[in-house]
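J.: dropping a prediction and its sequence here:
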Amino acid sequence: MGRDFAPAVATLEPLPTILPAYAPAQTPSTLSARSVADSQAPLGYGTTRYLERMLASCGLLLSAELQFDCADDVPQAGVLCALPALLTEGLLRHTRRLYALPAGYYPLESIFLYLALLALVRCPSLEQTRYEAPGEWGKLLGLDRLPEVRTLRQKIGILCEQEGRATQWQSRLAKEWMEGVGTEETDQSGVGLFYVDGHVRVYHGSLGPLPRLYVARQKLLLRGTTDYWVNGLGGQPFFVVTQTIHAGLIAALREQVIPRLLSDAPQLDGLTLQADPQAMRFTIIFDREGFSPKFFAELTQQRIGLLTYHKYPKENWPLEEFSTQSVRLHTGQVVERQLAERGTQLSNELWVREVRECSGAGAQSSILSNHRGLDLTQIAAWMPARWSQENFLKYMREHFGLDRLIEHGTRPLPETTIVVNPAHRRLDQQVRRERSRLQRLEAQFGAHSLPPQATPEELQSFEQVGGQLREKIQAQTTLLEGLKKQRKETPRKVPLKDLPPAERYRQLCPESKHFIDTIKMIAYRAESALAGELREHLQRDDDARALLRRVFVTPANLRPNYDQKTLLVELHRLGSPLQDAAVVKLCEELTATETRFPTTDLKLVYRLVGSV
C-alpha cells in the first residue's frame, strides 16, 4: 500500500483540501513509537494519513499538504542539509512550467525532491527504495511515507510521457549554469570554457540489439549507448547529449554540442568579434578523438576556440626552446612547468598554435589551439584540467549510478539510419582470425630447421614436416584471400532497413534517462557547492565530499514551529570534534540562507544536537 490510487469518481471536481487546520504534535515521537504506528496503519505500512489518501483516491484532493511532526532520531535526515543547495541549483525552478501530475496524494515538488535526496544518500536504484523505512522518509518530506516503487515509476512515466521535455528542462538549467560561471569576483578563468568527453553506457539487457562500442575502462567491445558530457572548468556538468548510433566525437560536436552552445552559452557579441580578430565566441576542449584539420578549420571559421592534444606530433623539440613558466591551475595551486611554443601548419595548410610541455623525464606533450588570444600558461593549465571531467564521470558512476537504467525498454530506430553492417564486421573478424593463424604457420615454417649432421631418417622427417607446413600455408592463404574478397564485396555500412529483422539495432528509451540524469546533475552540483563551503573549515580538501556523504546519512531531530514558521533540523554528532566543528560552520551558513521548505512557509534552521 502507500500509493495514491486513480480517481474513482470522474465527475467530482478535485479540491485543494477539505481537512481541518493541522495541529502538530508538541511531544517528539521516538523511532520505536513511529515504527509501531507505521506497521499498524490501516491502508498499509506508513499510511498514517489515511483520510487524505481516501480523498485522493476519490479525486477530491489535488495533493497532500506538507505537515511536519516533532520527531527524534529520523534516519538519514541529515540529507536535508542539501536542500538549500538543491533549490539554488534549480531543482524546482522550472518544475511547474514544464511538468504536471494529475490530482493525487503526492505533490509534484515532493517527487522531484525525493528523487534528488535519494541520489544524495546513494540509493542505487528505485527498486532499492523498498528497503528504506517508508515512514521515516515521509517525515523528511512532510508526508506520511515515501511512494512505493510502482507508484514512483508511474509518476516518472507520466512526467516523461512527452519526448524532449527533459532536454528542454536540462537546456534551461544549463543556460543558467553557464551564465553563472565567473559571476564571482574571485574567479573569471572558467568563463566560456567547455570540456567535452564521451562516456559509453553499457547495456546488459536482451530487449533488443544495440551497437557494439569499445569501452576503454574495460578494454572490451560491449553493447551500449554513447553519452557526450559537456562540463565546465573543474568538472561541473552543464548538459549531456546521447548518440544512439556511434558516429564519433566530431559528429557529436558538429550536430549536437556546438549548436546547443551557440544557442545557450554566453558568448561575445558580434561587435566585439568584429573589433578583435583574435577573440573567440567560446572555447571547447576535447581529447585526441576530435583531431581533424578539416574540423579545426570549421571551428576557426565559426570563431570557436579549441584545445586538444596533437594526434601525430613529430620529433621532440630541442630543450633549449623550453623555459620555466609559473602556471596557475584551476584549483588555485601555482606550479612550475617547462613550456615552449611554435606555429604549426596542418595538412590542410591551417596554421595553429602548438604548445609543448616537457616533463622531468624528457617526455613532451603537444597541445594544439587556434585561439591566438590565450596566454601560454592558460593553455598549459586548461588542457590537463580535462582530467577533472574524467574524475567527474568516475565519481558519477561509483556514487550516483550513472549507468543504471531507469526504464526497461527499447524502441526502433528510423529505417534510414546508416549503421555498420554486422555481416561486414563478422567477415572482418574472420579475416583477422585467419591472418593470425597464417602468421603462426609462417612462424612455424621459419623455425623449422634441419639439425646438423642429420641422419637419413631425420632428413626424411624434415622434408615431410616442411611439406605439410607448406600445404597448410597455401590452404590458409587461399582461405584468407577468399575472405578478403568477400569482405570487399560486402558494404561496410548499410541502411537499417537492409538488415535482417533480428539484427536491426534499437535504442534505449531516452526520455526517462535524461530526466533522471538531470536530477543527478543537480544533486552533484549541490554536493559540490556544499563541499566548497566545507573545504574552508577542513584541514584536507579531499575530506569534504566524504564528510558530506556521512552528513547525508546522519540521523537528525525535526522540530517544526508553526508559530515562528521554522523547521529546525538537529543533526546528530559525528565521529570527531574536527568534523563536528566543520559541520557547525556549515549549519550556520545554511541557516543564513533563510531557505524555506518547498510549498511551505517554514524557514529551515540547522544545528548540531547540543549546540546553542
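T.: Looks like it arrived, so ask away. Residues are numbered from 1 along each chain as shown.

J.: what is the burial count for residue 322?
T.: 17 (other C-beta atoms under 10 Å). All C-beta atoms are positioned from the backbone trio N, CA, C, and that covers glycine.

J.: my guess is it meets residue 338, correct?
T.: Yes: using C-beta atoms under 8 Å, residue 322 is in contact with residue 338, at 4.4 Å.

J.: show me the contacts for residue 497.
T.: If you count contacts by C-beta atoms under 8 Å, 6 or more residues apart in numbering, residue 497 has them with 415, 416.

J.: please state the backbone phi and psi of it?
T.: phi -70, psi -20 (degrees, to the nearest 10).

J.: distance of it from residue 42?
T.: 57 Å (C-beta to C-beta, to the nearest Å).

J.: then residue 310?
T.: 70 Å.

J.: ditto for residue 520
T.: 36 Å.

J.: so for these two, which sits in the more crowded spot?
T.: residue 520 (22 against 10).

J.: what residues are shared contacts of residue 322 and residue 338?
T.: Common neighbours of residue 322 and residue 338 (C-beta under 8 Å, 6+ apart) are residue 358.

J.: now do residue 354, the pLDDT please.
T.: pLDDT, residue 354: 95.

J.: one more: residue 23?
T.: 49.

J.: how about residue 293?
T.: For residue 293, the model assigns a pLDDT of 95.

J.: from what I can see it touches residue 350, true?
T.: Yes: contact criterion C-beta under 8 Å: residue 293 and residue 350 qualify, at 5.7 Å.

J.: host element of residue 150?
T.: helix 149-159 (DSSP states H and E).

J.: give me the buried positions along that helix.
T.: 151, 152, 153, 154, 155, 156, 159 (16 or more other C-beta atoms under 10 Å).

J.: ditto for stretch 35-43
T.: Neighbour-count burial for stretch 35-43 [16+ other C-beta under 10 Å]: 38, 41, 43.

J.: for the residues you listed, which one is nearest residue 586?
T.: residue 38 (31.0 Å; C-beta to C-beta).

J.: now do the SS call for that closest one.
T.: Per DSSP: H, G, I helix; E, B strand; the rest coil, the secondary structure class of residue 38 is helix.

J.: check whether it really touches residue 32, as I assumed.
T.: No: counting by C-beta under 8 Å, residue 38 stays clear of residue 32, with 10.9 Å between them.

J.: give the contact list for residue 519.
T.: Taking C-beta under 8 Å, 6+ apart, one finds 91, 112, 115, 116, 119 in contact with residue 519.

J.: if I look at the third one, what pLDDT would I see?
T.: Looking at residue 115, its pLDDT stands at 96.

J.: could you do residue 185 as well?
T.: pLDDT at residue 185 comes out at 42.

J.: next one: residue 472
T.: For residue 472, pLDDT reads 92.

J.: right, and it touches residue 441 too?
T.: Yes: counting by C-beta under 8 Å, residue 472 touches residue 441, with 5.4 Å between them.

J.: and residue 367, that's in a strand?
T.: Yes: assessed by three-state DSSP, residue 367 belongs to a strand.

J.: identify the bridge partners of it.
T.: Counting by DSSP bridges, residue 367 forms beta bridges with residue 309, residue 355.

J.: for the closest residue to residue 291 other than its chain neighbours, grab the count of nearby residues.
T.: Leaving aside its chain neighbours, residue 291 sits nearest to residue 311 (3.8 Å; criterion: C-beta to C-beta, 6 or more residues apart in numbering). Neighbourhood size, residue 311 [other C-beta under 10 Å]: 13.

J.: show residues contacting the host helix or strand of residue 306.
T.: Remark: residue 306 resides in strand 305-309, with elements defined by DSSP H and E. Contact with strand 305-309 is made by 280-288, 290-291, 296, 299, 365-371, 374, 379, 382-383, as judged by C-beta under 8 Å, 6+ apart.

J.: need the contact list for residue 451.
T.: With the criterion set at C-beta under 8 Å, 6+ apart, residue 451 makes contact with residue 458.

J.: would you agree it falls within a helix?
T.: No: Residue 451: not assigned to a helix; according to three-state DSSP it is coil.

J.: distance-wise, check it relative to residue 99.
T.: On the measure of C-beta to C-beta, residue 451 and residue 99 end up 83 Å apart.

J.: check residue 579 too.
T.: 38 Å.

J.: got it, and residue 313?
T.: 50 Å.

J.: likewise for residue 478?
T.: 65 Å.

J.: show me where the stretch 351-500 of the chain has strands.
T.: 351-358, 364-369, 410-412, 418-420, 493-495 (DSSP state E, counting those that start in this stretch).

J.: for the residue nearest to residue 291, which three-state class applies?
T.: Note that with three-state DSSP, the state of residue 311 is coil.

J.: poorly predicted segments of the chain, please.
T.: 1-25, 182-190, 407, 612 (pLDDT under 70).

J.: ok, now with 50
T.: Applying pLDDT under 50 to the chain flags the ranges 1-13, 15, 17-23, 185-187.

J.: can you map out the helices along the stretch 1-150 of the chain?
T.: For the stretch 1-150 of the chain, the helices defined by DSSP state H, counting those that start in this stretch cover 31-39, 50-57, 83-88, 95-98, 108-120, 134-141, 149-159.

J.: how about the stretch 451-600 of the chain?
T.: Using DSSP H, counting those that start in this stretch, helices in the stretch 451-600 of the chain cover 456-489, 510-535, 543-552, 577-592.

J.: list the buried residues in the shortest one.
T.: The neighbour-count criterion (16+ other C-beta under 10 Å) identifies 543, 544, 545, 547, 548, 551, 552 as the buried residues of helix 543-552.

J.: how far does it sit from its chain's centre?
T.: Put simply, helix 543-552 sits 20 Å off its chain's centre (C-alpha atoms, centre = their mean, to the nearest Å).

J.: same question, the longest one
T.: Computed by C-alpha atoms, centre = their mean, the chain-centroid distance of helix 456-489 equals 53 Å.

J.: report all helices and strands that it contacts.
T.: helix 422-447 (3 or more C-beta pairs under 8 Å, 6 or more residues apart in numbering; DSSP states H and E).

J.: flag every buried residue along the helix it packs on.
T.: 422, 423, 424, 427, 428, 430, 431, 434, 438, 441.

J.: now stretch 482-502
T.: 483, 484, 487, 494, 496, 499.

J.: which of these lies closest to residue 410?
T.: Nearest to residue 410 among those, with distances taken as C-beta to C-beta, is residue 496, at 13.7 Å.

J.: where's the closest residue to the closest one other than its chain neighbours relative to residue 224, distance?
T.: Closest residue to residue 496 apart from its sequence neighbours, by C-beta to C-beta, 6+ apart: residue 417 at 4.6 Å. According to C-beta to C-beta, residue 417 stands 17 Å off from residue 224.

J.: want to throw the helices of the stretch 1-150 of the chain into a markdown table with distance to residue 241?
T.: Below are these laid out as a markdown table (distance: least, C-beta to C-beta, whole Å):
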| stretch | distance to residue 241 |
| --- | --- |
| helix 31-39 | 43 |
| helix 50-57 | 38 |
| helix 83-88 | 24 |
| helix 95-98 | 19 |
| helix 108-120 | 21 |
| helix 134-141 | 32 |
| helix 149-159 | 20 |
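
J.: out of those, which is closest to residue 535?
T.: Closest of those to residue 535 is helix 83-88, at 14.4 Å (criterion: C-beta to C-beta).
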